[in-house]
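Peer 1: Here is a sequence together with a model predicted from it:
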Amino acid sequence: MALVPLSLKYHDDLVEAVKDGELWRHWYTFIPTPEKMNDEILRRLKLHEQGSMLPFAVLRDGKAVGMTTYMNIDAANKRVEIGSTWYRANVQRSSLNTQCKRLLLAHAFEQLHCIAVEFRTHFFNQQSRKAIERLGAKLDGILRNHAINTHPDAVGALRDTCVYSILNTEWPSVKAHLDYQLSRTRKA
């Protein structure tokens, strides 16, 4: 597994990845359709130019299998959100997400000296909520009626956003937990 800066050279891999499981059909999250992948890559790259996002392609065996980002970067308050993450269906529920988040969290706490790293997801995205909780993040609260959904299958539905975080004081324990989880998957 590797995290590399997102670029258009990963377009074809990401189109193939998003087709695995037809990920764009999930009404409670935004994942681009194959036809809109180029636009999504360019959107993330524009946010990177503006300083509010640092987007990555997630590689497995040299091929892009998904995307993730540092977003809502708040350097003054030493906070960052890890989000806009998705993976092709055949790598979901593998150790890939733990490996990816372990790298992102270590960089945020150990190089960027963040005091908190945040994760956000839709209240109904149970798979994402469980994955965030398995990392060791704690639920800070739920922002009710936080956003208006624009997904074609749920236009106008209101989104309740679950906000999770890991604090810098929690990082040593979370790091040990993630390393333990990863050591067990390597032995299996």
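Peer 2: Alright, I've got the coordinates.

Peer 1: Check which helices and strands the longest helix anywhere in the chain is in contact with.
Peer 2: Scanning the chain for the longest helix, with DSSP state H as the assignment, gives helix 171-187. Contacts defined by 3 or more CB pairs under 8 Å, 6 or more residues apart in numbering; DSSP states H and E place helix 171-187 against helix 96-106, helix 126-135. For the C-beta atoms, the positions are set from N, CA and C on the backbone; glycine is no exception.

Peer 1: in it, what's buried?
Peer 2: Within helix 171-187, the residues scored as buried using 16 or more other CB atoms under 10 Å are 171, 174-175, 177-178, 181.

Peer 1: and the angle for it with helix 96-106?
Peer 2: For helix 171-187 against helix 96-106, the angle by axes from the mean of the first three to the mean of the last three CA atoms, to 10 degrees is 150 degrees.

Peer 1: Could you give the average pLDDT over helix 171-187?
Peer 2: For helix 171-187, mean pLDDT rounds to 92.

Peer 1: what's the angle from that helix to helix 126-135?
Peer 2: In terms of direction (the same axes, to 10 degrees), helix 171-187 departs from helix 126-135 by 110 degrees.

Peer 1: can you give me how far the helix or strand bottoming out on mean pLDDT in the chain is from the chain middle?
Peer 2: Among the helical and strand segments of the chain, the one scoring lowest on mean pLDDT, DSSP states H and E is helix 171-187, with a mean of 92. Relative to the chain's own centre, helix 171-187 is displaced by 19 Å; criterion: CA atoms, centre = their mean, to the nearest Å.

Peer 1: Contact partners for residue 137?
Peer 2: The contact partners of residue 137, taken as CB atoms under 8 Å, 6 or more residues apart in numbering, are 119, 164-166, 174.

Peer 1: Kindly recompute the last result at 7 Å.
Peer 2: 119, 164-166 (CB atoms under 7 Å, 6 or more residues apart in numbering).

Peer 1: what about residue 74, distance to residue 118?
Peer 2: Distance from residue 74 to residue 118, counting by CB to CB, to the nearest Å: 9 Å.

Peer 1: what about the two, which has more around it?
Peer 2: Neighbour comparison, residue 74 and residue 118: the larger count goes to residue 118, with 19 against 13 (by other CB atoms under 10 Å).

Peer 1: before we move on, what SS does that one have?
Peer 2: Assigned by DSSP: H, G, I helix; E, B strand; the rest coil, the conformation of residue 118 is strand.

Peer 1: Tell me the confidence at it?
Peer 2: Note on residue 118: pLDDT of 98.

Peer 1: With residue 27 instead?
Peer 2: Looking at residue 27, its pLDDT reads 75.

Peer 1: so what's it up against?
Peer 2: Contacts of residue 27 by CB under 7 Å, 6+ apart are 151, 153-154.
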